Structures are given as C-alpha cells and as structure tokens.
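Asker: no sequence on hand, only this structure:
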C-alpha cells in the first residue's frame, strides 16, 4: 500500500517518523505494508527529517496525484488552494484521502464528503480538529448508535494558554499575548487564534459529524478573547466561575445553537480545569450521556498520531474493498443557526460606575425593564477617590440575550457609567 | 446480518432499544441491515423492554449458538461460566463476538483473543471497561501508530462516588457506603467495587491492549477504599491534594508497574476533578502525549452505546471479509510486575501521636534511618486533652515504598503512637 504525502512540515515530518518507526506494528494492524512513495514539497532544499528519503521528494504535484501506484494521499500541507484541487484530483483518481486541513473541511466539508462518496473512496480527517484527541473517531464511530445533543469544545490551544496565564498571573491579555508570541505559543499574527476563527472552523467540522449540519463558517457568531479583561477572572472566581474560550454546538429542535466566545463556566466543571495548551471536547449523547476528551490540540507528534490512525482505517477499508462506506453515511444538510439575540442562558454583567447613591437602583430598574432577572448583585468595595470607578457585578437568571443587550445599552447611556458595560455568557456544564 | 443476544438485563435492554431505534442510521453506517434474531435469557417470564419481541426469546443456548443464520453474538449476560463456553462455541462456529464481560476478558483475554484469531473472527469488548467511554477503541485504533507509556484510570464509579461524598461532606466511609447502598449506587455486597477487584480486572484488560501484557489479575497489588479515613481528605487539601481510587499501569523497562489503590493526586490534576459516578482514563502516549477520556462508567444506555459501536465494527469487518485482523494484531505476553516494595514515588504519611516534646524528632529520625527524605512535615494543632492524639502529616520526597513501610513499622512500635501509622502513595498527574 503506497502513500503519497502532500507537505512535509511539522505534522508531515511526524507522519514520516511514525510510519518509519512503527512499520511492523502498522503492518500487523492493517494486514499489509504501508510505505511512503512520494513526498510533495514546495522547497526541495529545506532540511527534512532523516527518515525522509531524498528519492521520495518531488515538487511536481502530478508525480504524486497522477501516479497510479499510489493508493493513499495524506494531506498535511494546509491552505485552501491549490490543496483543494489536489484532494479532488486524488479522489477522482480513486485514491483514499487523509487530511489534517480544518480550513478545507470547514469550508467545503459537505462537498468533499459527497465527492468521496461518489468515487467510493474514504476521506478521513481526525487531525483537523483537536490534534491528537480522537474526537472525530468518537463522533463517527462510538456514536453510531446514538445521537449527539451538544458539543462544548476548548478547541484553540493559544486562547486556552493565554486565558490560563491571565487567570493564574492576573496579567492583561496584551501582556500575556506578547509573552506567548516570544515563547512560540502564539503566532506573530495571532488573529486566527485569538479572534476565534480557528475555533469556529473546528466547530463547523464537529457540527458536520455531530449534528449532520452543513454550516457556512461565516454564519457562526464568533468572539475572540481580546476583550477579556483580567479583572473579570477575579470577579468570576468570586461566583465560582472560570473563563474559558468555548466553541458550543447544541441541538434546538430543528435549529442549531452554534457559537464561539469567552464563557463563564463553573470552576467545578470538567472544562474549567483544562488548562494551558490542552484542548478538550465535551460531548453529550442522548444515550451515552456526557463524554469528555482531553489532550494536546496541536504539535508534530500528537497530530501525526491522528493522521496515522486515519491512515490505518483508510488502508484497511481499501484492502477490504469497502472504501467510501464511512463517507457515504454522513449527509450534512443546512440548518438554521439560532441568532444570538434569541439565545437563552445566564449572564455575567459588569458595570464600572461612579460610587454614587442610587446607581444600584438605576441599574436594577434598567435590567428589570427588559425582563432580565437578577440572581446576584455585588458592588466590589467603595471607590477610593471621587473619580474612581467601582464595579457592580451581576449574575442574571436565565434570560434572552436580546434583553441583556438592550439593558446594557440602556445603562450604557447613564452619566454615572465610567466605562462601557460588559457582559459574558454563562454555561452550566 | 443477524444478531444473537446473550442476556437481556440492564445493558441488554439498552442494546435492544438502540438497535431498534437507530436501525436506519446503523444500516447506513454498516452497509447492511442488522437485526436481532434470538435473545437468550434464563427466565422467559421476566418483563423485557417493549422493543424486545417475544419470538426472539429463548432459554436454549443452542437455539442461539447453533443457529447458522446468526452472524454475530452480543454477550451481555456476564459471569464466568457458562458464558466462557458460549463465547468459545460462538467463535468456533465462526461468529463475530461482542462482549461486555470484564471478568472473562481479565481472566482469559489472551486465550480468547488467540481463539478469535485462529477462527478469523472479531472479538470486541469496548463495554468491558469504562462503560460509554471509548477507551478500548482509543487504545486499539488511535494508538496504532504510537506506544503507550502509562495509563491512570478512575475505573470504578462506586468508589469514585463514595470518595467524592466523603470529601464534600466530611463523612466517613461507613456512613457514605450505607447511604450509597440505599440510593442504589453500591451493591448490598460491595466488595467487588470498594475492595478494588472490579478496577483491577479493568486494569488488566487495559494493560492487555496498552502494553500487550498478559497479566494474572491475582498478581496485581490491589487496595480498596475501606481504609480511607475522612480526616485524610482535610489533610490532603492542605497540601493541595485530593484522594482518588486509581488503577495505574506504567511501563518500566521490560517490567510493568501495575497497581490499584487510593492515591493522592494534585487538586489541579485533571483526574482530581472527575467526580461522582464518572469514570476517567488518562493515557500517556509516547508520541500522542497525554489524553484523557471521561464519561459514564456504567448504566444501561452508555454501556449499550459501546456495545453497539463494537457491533458496527464487527459487522463491517464481516461484510468486508476482514474479520480477525483486529484480534490477530494483539499478542499479549507475560510481563514482570514491579513489586510494591520496589515502587518509587512520593508518599503522604500520617502519625497520630501524643502531643509530647521529642515526638517529631523521633519520627524524623526513623524516616531518615530508612532513607526517607521529608519534603514537608506539619503538626495539625495541639492536643486538647492529655490523652488526645495529634496528627503529624508528612509529605516525602521520591523514595522506595519498602523504605516507607519499614520506617512506618519502626515508628509504629513507639509508645507515643495512638493509632497505627498510615501512608498513601502520591501520583504526580
């Protein structure tokens, strides 16, 4: 069984290493020898791992995609084009495909799956979400006899790392981001990560499997972590909450709640304690109940482990001549996404106000006028100077987000307000 | 594809329900219809779920095992005999087998796998460990390209429930056990659970896959939770530890550290926060790094989900005529188990002593004489009356368990000791 590798960067190098060092183990599991035959790279002169033979290297896509000897394509080059065209070419030529490309799967997942089914080939993508965590496998296989009610994910390691340090050190977003960039935990251009786009793409891929949903990634409400204020960690812990950047998907009748944002979660919740660069996915199955998977969300070897486990499946299906069965059983279809104003949950609100009599009453009235019912209200100390702001913290009962937004806007106009009001969704998990 | 179900109790009923209500979904995934054909029960007059047709029910094992129309056997009857004979008969007859029987797998796993390989049939047993948690699947498939370094499991829901309540309520083992029995969380005869045997069996099954180890379950050092003292939770939290009943497996060269006992784990560890009846398995893969799986360890539907996911795999392999491949790739072989006296870890020790001058010095000397180095030593308050005991708490550096045992025995003879000394292993995860 011959493999064509597209890309030989971080993850690709890991794949080359694992395939080389575990060759016997893999042969026993698959029932045939799996060998790398060609490796497509952009720059043939860049150093490669020593396990990567020079004779494999090519810069010509057709030398890989057009080689009839190659049975399986492993795509770890990333990006949208020309990668998408390569995968289509491979599937049209009847090759099984393993991809780690979350962008492609998020944007074109349903079309790619449909193409795979039409050409009776497998398309596996465990490594596209959650690195080494077997979440796609769990969704696809273990839940075959079940249906998924909700998915909560910590899907971006950079966000989780930054929030963990903000909490532990009481440091600001900007300070931790700068340090994370120095340490290599955040990119020079961190927008994909800290603005939530990476997590949104992964959520769309998960929703395709969990809910059979074909979702336009641009239609997912997304908030990043730039606006998370370090003081909110302190206030959150007063109410026994921690702040995590969550990607949330939940069945709501025929519609879908789908959203990515910083979230207050109870400190006793399993997700509250997944820290640093770890990723976590918490599934609720109708029959299965809760199931949490935690592990490394990125990195050469963890991600390569997922790629290789896919490769085993695809190779076995191919040997058994049942390729395409797995892809044919997924039929994503469009779903209405619940608009954020219709969302119903509990909220944390913070108003930084002048320490004047009557302010609390004013805020309580504004919330009440919108039907936002207050569960707890705390004024954090007294202002030291006349001009200083004092925070008023509120935990609401369950209510509609539209009402919370309107109430915050109404209070936002009051003269006693020192800064724009802030609110954050609470998730009971 | 016709299924013979052995047993129709709690899990069996769940399997009947899932197969009935997800028939279309399963057919799409497998590529063939899967139907129950016969259900073997002991008592034909006991009430069954309404989805279970009367015509399926039989009390004659041969009506199931000897029926050539039946392709797959699902064993959810439990017990050692006659169950083992039934499975052997089924495999000899070329039927694929799904079993939820941890006792059989722990005692005869290698022999059963060998038999499955010889007859080219699948033998799947996801439900034998961790109920709805896909841990066997993860070990077998996702780690094909990797090797497992260690496994830490909270594998018994009853133990975890009792320890969680002891910690939260400051209650004693006896009081919580009695209440757990009333509530149905513990059996009338709780020994299998609270004495650690259930967890030990599951650990042996996990070790077979994780380390390729053929282990006699009676050779695994096992301690239950009866001896866990409620005061130790309070002292543990002073050092930022929680107490969990862990099953631990770890590669040590060619030997295997394998043990089941109450363990101090840092409160910040992911395992410390898995509470109530939840189970959790924490794997360390050489390439994968850490991977944690958490979910319901028991219950009708969670366990049935695992059974059905196995059934899907076995049915697909059968259709593809690749049955036996999965079982043939596991070759468990005997491994030396590290004796507890050779174990090296950190320890928590508690000495309840008379509040006399010189006692601390005596204890410190006894520890030092055995080469047990003290990291922290705390005397918890002063004795209120002359006769009252005051606890001295010690956290050791890494040392050999034999040394700790010898030191505790030496101190145990001292006249100032009010109760036998206690020690507990610390695990840094």
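Answerer: It's in. Predicted model, so just to flag it, every value in this text is computed and none were measured.

Asker: longest single helix anywhere in chain A?
Answerer: Selection of the longest helix in chain A by residue count, based on DSSP state H, yields helix A:300-319.

Asker: that one to helix B:300-319, inter-axis angle?
Answerer: Counting by axes from the mean of the first three to the mean of the last three C-alpha atoms, to 10 degrees, helix A:300-319 points 50 degrees away from the direction of helix B:300-319.

Asker: I'd like to know which elements the very next helix or strand once past helix A:300-319 is packed against.
Answerer: Once the chain leaves helix A:300-319, the next helix or strand it forms, by DSSP states H and E, is helix A:325-328. Here helix A:325-328 touches helix A:102-118, helix A:300-319, helix B:23-30, going by 3 or more C-beta pairs under 8 Å, 6 or more residues apart in numbering or on different chains; DSSP states H and E. In this view, the C-beta of every residue, glycine as well, is placed from N, C-alpha and C.

Asker: closest to residue B:144 out of those?
Answerer: helix A:300-319 (4.9 Å; C-beta to C-beta).

Asker: which strands or helices does the closest one pack on?
Answerer: helix A:10-21, helix A:23-30, strand A:72-75, strand A:96-99, strand A:123-124, helix A:325-328.

Asker: wait, which of those is closest to residue A:392?
Answerer: Relative to residue A:392, the nearest member of these by C-beta to C-beta is helix A:10-21, separated by 47.1 Å.

Asker: would you mark the buried spots in the closest one?
Answerer: A:11, A:12, A:13, A:14, A:15, A:16, A:17, A:18, A:19, A:21 (16 or more other C-beta atoms under 10 Å in any protein chain shown).

Asker: now stretch A:399-409
Answerer: Using 16+ other C-beta under 10 Å as the test for burial, stretch A:399-409 gives A:399, A:400, A:401, A:402, A:403, A:404, A:405, A:406, A:407, A:408.

Asker: what sits closest to the last one if chain neighbours are left out?
Answerer: It refers to residue A:408. In space, and not counting its chain neighbours, residue A:408 is closest to residue A:421: 4.3 Å by C-beta to C-beta, 6 or more residues apart in numbering or on different chains.

Asker: the one you found: what's it in contact with?
Answerer: By C-beta atoms under 8 Å, 6 or more residues apart in numbering or on different chains, residue A:421 lies in contact with A:349, A:350, A:351, A:408, A:411, A:412.

Asker: now, of the residues you listed, which are buried?
Answerer: A:349, A:350, A:351, A:408, A:411.

Asker: of all those, which two lie farthest apart?
Answerer: A:350 and A:411 (10.9 Å).

Asker: where does chain A have low pLDDT?
Answerer: Along chain A, segments meeting pLDDT under 70 span A:142-143, A:383.

Asker: hmm, residue A:106 is touching residue A:199, no?
Answerer: No - using C-beta atoms under 8 Å, residue A:106 is not in contact with residue A:199; the gap is 10.6 Å.

Asker: ok, these two, which is more surrounded?
Answerer: residue A:199 (29 against 25; other C-beta atoms under 10 Å in any protein chain shown).

Asker: any idea how far chain B is from the more buried one?
Answerer: From residue A:199 across to chain B, the span is 20 Å (C-beta to the nearest C-beta, to the nearest Å).

Asker: moving C-terminal of the helix or strand where that residue lies, what's the next helix or strand?
Answerer: Secondary structure from DSSP H and E places residue A:199 in helix A:197-210. Scanning forward in sequence from helix A:197-210 by DSSP H and E, the next helix or strand is strand A:213-214.
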